[in-house]
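S.K.: just to be clear, the model below is a prediction. Sequence and coordinates:
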Amino acid sequence: MSAIRSTYLVAWREATERARSRAYIVSTVFTLLLVGGLMATVVLTETGPTTYHVGRSGDSPPVLVASIDAVATSTDILVIQEQYSDPAAARRAVADGTIDAAVIDDDTIVVQSPDGSAIEAILTTALRQARLADRLDALGVDPADIADPGAISVVATDEPKDDAGEGVALVTVVLLFLVITTYGQWVLLGVLEEKSTHVVEQVVSSTSVRSLLAGKVIGIGLLGLGQLAVLIAAAVVVGGLLDLFDLPSATYATAAWSLLWFLLGFAFYAVMYAAAGSLASRSEDAQTATVPIALFSVAAYLVALSVVLPNPESTASRIVSLIPPIAPIAFPARIGFGGVPLWEILLGVVITAAAIAVVVRLAARIYAGAILTAGGKVKLRQAWRASAELAGR
Amino acid sequence: MLELAGLTKRYGAVVALDGAGVVARPGRIVGFLGPNGAGKTTAMRSIFGLVALDAGTVTWNRKPVDAAARLRFGYMPEQRGLYPKMRVGAQVSWLGRLRGLSRADATRSTAAWLQRLGLSDRAGDRVEALSHGNQQRAQLAASLVHEPDLLVLDEPFSGLDPMGVDAMSEVIRSRSAAGATVIFSSHQLDLVEDLCQDVAIIDRGRVVVAGTIDDVRSTSPSRRLEIRFVDPRVQWEPRDGRLIREREGVRTYMVPRDADPGAYLLAATDAGRIASFTFQAPRLSEIFREAVGR
C-alpha cells in the first residue's frame, strides 16, 4: 500500500472520529460565540450612536437652530431637531426616551441622566454661542462681522489609520492564535494517547511512522480549517446579509488569507507539538515538553498584539511579520488593515514555508525516534539517534 | 517461511538479544518460550521493524521484510492497545483497511471475525467500555481482520479465562490449518505442548533449544524416570539421577539420556517392590527448566 493511502486513512480516521467528538462541537460553538462577541464589541464601540434627536421649546434664541447644526457638524455627529410647543411635552419626550435631549428657553438643557454624553457638550456649546450672538445683536454688532475669518487646518504627525480595519485585525489575531494553539494541543494529546495506550505499535506494524505523523497533522489540520471557515463564513455572511456590522472591505481579503495563514501556522506548530507528545508517555511529562512551544506561540501572539496592531506598517511590524513563528498571526492582522503589498505577503509565505520544511524534518525525526520507545520520558538526543537507526520506517 | 537470524540488540548495558535465531514455517505453529526478560518481545517487535536491531536479519520467504510484506502480517503486541474512544467495529475495520483491504472487504471481514469471537453485539461500543477479556478478543480480531499469512502473538493467553483460552487456541489452530505461519509466546508450557508443532526456547537473548516438540523431547540430554514403590519408605536413588519432584509416593528423576532403563529397573527391584515405573523423554516444562538452568 502506498504511503499516500495510509496517510489518507490516518487523516480520515482523525477527522471523522474527532469531528463527532463532544470536544470538537463544544470548541466550535465556543469559538463561534467568542468571535461573535468580539466582532459585536468592536463594531459597536467603533460606530456607536451617531445620531441624536433634540427637542426645542420655549423662548430660545433665534440662532440656536443654526448653532446646534454647526457644532454637531464640526464633531461629525448628526443632530435632528424638533420644535415642541410646550416645555412640559419636551420634558416628557426626554423622560420616555423619544428624544435624547431638549433645550428649554435659553438656559436649560434636559437630559435623561447627566452622564456627560456628547449631546450634552454639543448643546452646551451651541447654547453659549447662540446667547453670545444674541448679546452681540443687542449691542448692535453683526455677529457675522466677528465670525471666524477662515478655516483651521489640522496636521497629523502619524499616517491616517483605518479604525474599522483595526477591529478586523484584532479579531483575526485572537482567532488565529486560538485556533492554531487549540489544534496544536489536539495533535499533542493525540500522539500522547497513541503512545500511552500502545496502539501505536498496532498501527505502525502495518504503516510507516511518517504516514502516521503526516496523517494525524493533516486530519486535525482539516478539522481546524473547517472550523475556521465556518466561523469566517458565519461572521461575513450573516453580518453582511443582516447588515448587522458595517464590515470594511478588507475583511474579505483578510478572511481568505487567514485560511492560508492558518494552514501555515498550524503546520509549523503542530509538528512541534507532535514531537513533544512523542517524547512523553504521561500527560504530566507532555506539559513540560510543550513549554518551549507554548512560549514560542504566546510570544508570537504578544508581538502581534503589541507591535503589529498599533502600527501595522511600521518598519518594526514589517520586519517581525517576516519571522516564521510570528508571520502566521502578524500577516493576517496587517492584511486586515489593508494596504500590504502583495510581494510582501508572498515573501512571508515563502519564508514561512521554507521554515516549515525545516521544522517538519527535525520534528519528524524526533517523533520517529521517540514514538516507539516505551516507558518514561525520552531524551531528545536519544530520540534523535534512535530515529537514524529506524531509517526504514 | 519466517526466518530470524543472528538478532542482536543492546539497550545500553542491557543485552536484549544476543544472536537469537528462529524459523517458522507455513501451516505450523511455533511456541516461543523463555523467562521474563529473555528477549521474546524484542524478537517479535523486530519482525515488524519496531526495534532497531544492532545486527541480524529478518526474512519472509527468503526476502528481507519490507512494508509490502508486513501488510500480510498480523500482530498482537504484548502491550495491548486500541484507540479507547473508537468503536470496536469501526476500529477493526479501519485497521483492516490500513493493511490494504478495501472498505467493503474490511467491513465484511470485521463482521465475520466479531461474530466468530462473540463480539457482534459490542461492535458499536467504544473499546474503553469493554471488559478486559473482550478487549483481548477485539485485539485478536484486529490482528486477524486481514487474514494474515503470518500471525505473531505476544502472550495471547495472558489474562484469559479457560473459555477464552479455548477460543484463542481454536482460532490459532484454524489459522494454521488454513496455511498461515503462526508464532506466539507463552509461559503456559502445557498449552504450548498441546498446541504447537515447533518450539523455540530463548534465554538471555539466545535461542538455547529449537525444533519440533518431538525432536526437542527426544534429543534432550535427559530422560525422565518416574517410580513408585508399594512401600513409600523404600530408600533408593537412581545412579546419576536428580530428584525433581516427589508427590503422593511418586518420585520423578532426571537421568542421562544414554542410561539403561533395564539396569535402573533391576536395581530398583532389589531395593523394594515396585508399584509403577516409567522411563521416557522429558516434558516440555522440564526441558524448559533444564534449558534456562534455574
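M.R.: The structure has been received and is ready for your questions. Here the structure is a predicted model, which is why all the values come from computation and not from measurement.
S.K.: can you show me the strands along the chain?
M.R.: Answering for chain A, as no chain was given. A:51-57, A:78-83, A:101-104, A:108-111 (DSSP state E).
S.K.: that's the wrong chain, I wanted chain B
M.R.: B:2-11, B:14-24, B:29-33, B:55-60, B:63-64, B:73-76, B:150-153, B:181-185, B:198-203, B:206-212, B:222-229, B:242-247, B:250-256, B:274-280.
S.K.: those strands into CSV, with extra columns for mean neighbour count?
M.R.: Backbone N, C-alpha and C define where each C-beta goes, glycine included. Putting the strands of chain B into CSV (neighbours: other Cβ atoms under 10 Å in any protein chain shown) gives the following:
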stretch, mean neighbour count
strand B:2-11, 18
strand B:14-24, 20
strand B:29-33, 26
strand B:55-60, 16
strand B:63-64, 10
strand B:73-76, 24
strand B:150-153, 26
strand B:181-185, 26
strand B:198-203, 24
strand B:206-212, 18
strand B:222-229, 20
strand B:242-247, 12
strand B:250-256, 18
strand B:274-280, 14
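S.K.: of all those strands, which one is nearest residue B:118?
M.R.: strand B:73-76 (17.4 Å; Cβ to Cβ).
S.K.: starting from the closest one, tell me which strands it pairs with and how they run.
M.R.: strand B:150-153 (parallel) (DSSP bridges).
S.K.: contacts for the partner strand, please.
M.R.: Applying Cβ atoms under 8 Å, 6 or more residues apart in numbering or on different chains, the contact partners of strand B:150-153 are B:2, B:24, B:44, B:47-48, B:60, B:72-76, B:143-144, B:172, B:175, B:180-185.
S.K.: closest residue of the stretch 151-294 of chain B to chain A?
M.R.: When scored by Cβ to the nearest Cβ, the stretch 151-294 of chain B has residue B:152 as its residue closest to chain A, at 8.7 Å.
S.K.: among the strands of chain B, which is nearest residue A:29?
M.R.: Proximity to residue A:29 (Cβ to Cβ) singles out strand B:73-76 among these, at 40.5 Å.
S.K.: pLDDT on the closest one, on average?
M.R.: Averaged across strand B:73-76, pLDDT comes to 94.
S.K.: show me where pLDDT drops low in the stretch 51-200 of chain A?
M.R.: For the stretch 51-200 of chain A, applying pLDDT under 70 flags the ranges A:143-144, A:146-152, A:154, A:156-165.
S.K.: list the contacts for the closest residue to chain B within the stretch 151-300 of chain A?
M.R.: Residue of the stretch 151-300 of chain A nearest chain B, by Cβ to the nearest Cβ: residue A:198 (3.2 Å). By Cβ under 8 Å, 6+ apart, residue A:198 lies in contact with A:374, B:77, B:79-81.
S.K.: now the residues you listed as a markdown table including distance to residue A:184 and neighbour count?
M.R.: Converted to a markdown table, these look like this (distance: Cβ to Cβ, whole Å; neighbours: other Cβ atoms under 10 Å in any protein chain shown):
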| residue | distance to residue A:184 | neighbour count |
| --- | --- | --- |
| A:374 | 25 | 17 |
| B:77 | 29 | 23 |
| B:79 | 27 | 15 |
| B:80 | 29 | 22 |
| B:81 | 24 | 22 |
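S.K.: farthest pair in the residues you listed?
M.R.: With Cβ to Cβ as the measure, no two of the contacts of residue A:198 lie farther apart than A:374 and B:80, at 13.1 Å.
S.K.: ok so, going back, for residue A:23, find the nearest of the strands of chain A.
M.R.: Between those, strand A:51-57 lies closest to residue A:23; by Cβ to Cβ that is 45.4 Å.
S.K.: any idea how far that closest one is from the chain center?
M.R.: Remark: strand A:51-57 is offset 37 Å from the chain centroid, using Cα atoms, centre = their mean, to the nearest Å.
S.K.: check what pLDDT the closest residue to residue B:279 other than its chain neighbours gets.
M.R.: Using Cβ to Cβ, 6 or more residues apart in numbering or on different chains and skipping the chain neighbours, the partner closest in space to residue B:279 is residue B:261 (3.9 Å). Listed pLDDT for residue B:261 reads 92.
S.K.: pick out the residue of the stretch 101-250 of chain B closest to chain A.
M.R.: For the stretch 101-250 of chain B, Cβ to the nearest Cβ, closest residue to chain A: residue B:142, 6.4 Å.
S.K.: where exactly do the helices run in the stretch 1-150 of chain B?
M.R.: B:40-47, B:67-70, B:88-98, B:103-116, B:132-144 (DSSP state H, counting those that start in this stretch).
S.K.: using a markdown table, please lay out the strands of chain A together with mean neighbour count and distance to chain B.
M.R.: Listed next are those as a markdown table, based on neighbours: other Cβ atoms under 10 Å in any protein chain shown; distance: least, Cβ to the nearest Cβ, whole Å:
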| stretch | mean neighbour count | distance to chain B |
| --- | --- | --- |
| strand A:51-57 | 19 | 55 |
| strand A:78-83 | 14 | 58 |
| strand A:101-104 | 24 | 62 |
| strand A:108-111 | 18 | 60 |
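S.K.: quick check: the residue lying closest to residue B:141 once chain neighbours are set aside vs residue B:163, distance?
M.R.: Once flanking residues are discounted, residue B:141 sits nearest to residue B:113: 4.3 Å by Cβ to Cβ, 6+ apart. Computed as Cβ to Cβ, to the nearest Å, the residue B:113 to residue B:163 distance reads 18 Å.
S.K.: now do the buried residues in the longest helix along chain B.
M.R.: In chain B, with assignment by DSSP state H, the single longest helix is helix B:162-177. If you call a residue buried by 16 or more other Cβ atoms under 10 Å in any protein chain shown, then helix B:162-177 has these buried ones: B:164, B:167-169, B:171-172, B:175-176.
S.K.: so for the residues you listed, which is the shakiest by pLDDT?
M.R.: residue B:164 (86).
S.K.: shaky segments in the stretch 151-294 of chain B?
M.R.: Within the stretch 151-294 of chain B, the segments meeting pLDDT under 70 span B:294.
S.K.: might you enumerate the residues of it proximal to chain A?
M.R.: Residues of the stretch 151-294 of chain B lying close to chain A (Cβ under 8 Å from any Cβ of the partner chain): none.
S.K.: so what's residue A:246 scoring on pLDDT?
M.R.: Looking at residue A:246, the pLDDT reads 57.
S.K.: typo on my end, it should be residue B:146
M.R.: 94.
S.K.: what's the spacing between it and residue A:186?
M.R.: For residue B:146, the distance to residue A:186 - Cβ to Cβ - is 29 Å.
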